[in-house]
Structures are given as C-alpha cells and as structure tokens.
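1. Based on what follows, work out the 3D shape:
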Amino acid sequence: MGCGRVGSSLALALVRIGHEVAVVDRESTSFRRLGKDFPGPTVLGMGFDRHVLVKAGVERADAFAAVSSGDNSNIISARVARETFGVERVVARIYDPKRAAVVERLGIPTIATVPWTTDRFLHSLLQDSETIKWRDPSGSIALVHLDLHEDWYGRTVAQLEAVTHTRVAFLIRFGAGVLPEQRTVVQDGDTVYVAAVGGTVGEAAAVAAAAPPEED
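-> The predicted model follows:
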C-alpha cells in the first residue's frame, strides 16, 4: 500500500525475485513509477478500505507492506491487514517514533525513513536472516554476507556478480581471507562477502539463495 519511491522500489524488487505483487495507491499517477511492464494489479483507492484491499487480493496475501506517506494511513491499513484479514507478515512505515513504538507493541514491525528502507522491508517481509555486516554512513553501500545456493559452487565470481548485481569483496576459504579475481571459482565451504548498493541487498540475497540461471 503506497506507490511512492519506497513502495514502487519494493514492489519492483519483489517482482524481480519471483513474487506476485499488487499495489494500492490513492493517486493513479503514482503507478507510473512501476513502469508499463509491471505485471501485477494496480488498485486505485485508500489502502485501509476493506473493499480496496479485497480487490487487491489481501485475502490470499502472504505479506502486506504499508508504505504510504501518512502514519495514520499506514497504521490503520496494517491493522486491517493483520486483524481483519489475518495476513501473517505485516510491516508499516512510520515517521513518528512514538507512534512506531505503539505499533510495535501490537506486533507489527515498523520501518524508519532511512536510506535502507527498502532493504529492511524486504528483510521483514521475506523473513530473511540479517546479512548486512557493515554500511557506510550514508547508507549507500553495504557489505553483505551471501548464503549461496549449492548450485553456485563451481561458478565464477564474475558470474555471481553479474546475476546479483554486486561486487564480491572477499571470500573466507579454509579459515583464511581471499581477495578473488573475476575468474576465481566459488567452492563448497566458501563464505562470500559482497558490496551492494543500498536498496538492493534483499534482492541480491534472494537471488544468491536461489539456483543460478542456466548457462547458454
């Protein structure tokens, strides 16, 4: 719910990693941020209106993100999704820290308006383990530990970087740090750390955890 910069970025990231996404916004022009090829439904209306949520498919939703520009709208819509429709994973973006504390006590995770908002939403919605080990002060770059699907073993660092859109910073192999080259082959037992652009960490982690695409 909400198709601003964060909402549209979140929706597109979820689609790229294979999820079905519906987007609700009260302004039809907001849907332009999704691009003309966005595959999911876009529903015009208030995100806390039950009929609007039903039209968007909330009754079969696995997760719900409230990311509009208003705290009240996000709080109400998150509560409706959780309490009326029983959506298990609900996350709300809250600007006011005092309100956020109240919502947290209701069992609804909240996200602050910080540079890594999209990453944190993906983490909360997908229930991924925390992979971020370091961020620069601006939140633009993160150092991330990737949990790799076993089919990545035998692939090169260059292949991993191309698919995850990250830069492999270093490997831990047999207890020792390794600065890899593009042709370095990832081995079973390697611990892989990559540098990723803020806002893409959750997507990179999800891509790495899945089997790599078939080679041509």
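2. Low-confidence stretches in the chain?
-> Counting by pLDDT under 70, the ranges of the chain that qualify are 112-131, 136-139, 216.
3. Identify the single longest helix in it, thanks.
-> When secondary structure is assigned using DSSP state H, the longest helix within the chain turns out to be helix 5-16.
4. contacting residues around that helix?
-> With C-beta atoms under 8 Å, 6 or more residues apart in numbering as the contact definition, helix 5-16 has outside contacts at 1, 3, 21, 23, 25, 30, 33-35, 38-40, 65, 67-68, 93, 117-118, 121-122, 125, 199-200, 202-203. (Glycine included, C-beta is placed from N, CA and C.)
5. do you know how far residue 48 is from residue 149?
-> Between residue 48 and residue 149 the distance, using C-beta to C-beta, to the nearest Å, works out to 39 Å.
6. Comparing the two, which residue is more hemmed in?
-> The residue with more neighbours, out of residue 48 and residue 149, is residue 48; 22 against 13, by other C-beta atoms under 10 Å.
7. Can you mark which positions in the longest helix of the chain are buried?
-> With burial defined by 16 or more other C-beta atoms under 10 Å, the residues of helix 5-16 counted as buried are 6, 7, 8, 9, 10, 11, 12, 13, 14, 15.
8. Repeat that for stretch 24-37.
-> Along stretch 24-37, these residues count as buried under the neighbour rule (16+ other C-beta under 10 Å): 24, 25, 26, 30, 31, 33, 34.
9. Would you mind listing the two of those residues that lie farthest apart?
-> Taking every pair in the buried residues of stretch 24-37 and measuring C-beta to C-beta, the maximum separation is 15.2 Å, between 26 and 34.
10. rewinding a little: quick check, nearest of the buried residues of helix 5-16 to residue 55?
-> Minimum distance to residue 55 across the buried residues of helix 5-16 is 16.4 Å, recorded for residue 11 (C-beta to C-beta).
11. now the helices for this structure?
-> Residue ranges of the helices in the chain, as given by DSSP H, are 5-16, 50-56, 71-79, 97-105, 117-126, 157-164, 201-209.
12. In TSV: those helices, plus distance to residue 215.
-> Below are these laid out as TSV (distance: least, C-beta to C-beta, whole Å):
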stretch	distance to residue 215
helix 5-16	20
helix 50-56	38
helix 71-79	43
helix 97-105	46
helix 117-126	27
helix 157-164	8
helix 201-209	16
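13. between those helices, which one is nearest to residue 186?
-> Sorting the helices of the chain by C-beta to C-beta, the top spot, which is the nearest, belongs to helix 157-164 at 6.3 Å.
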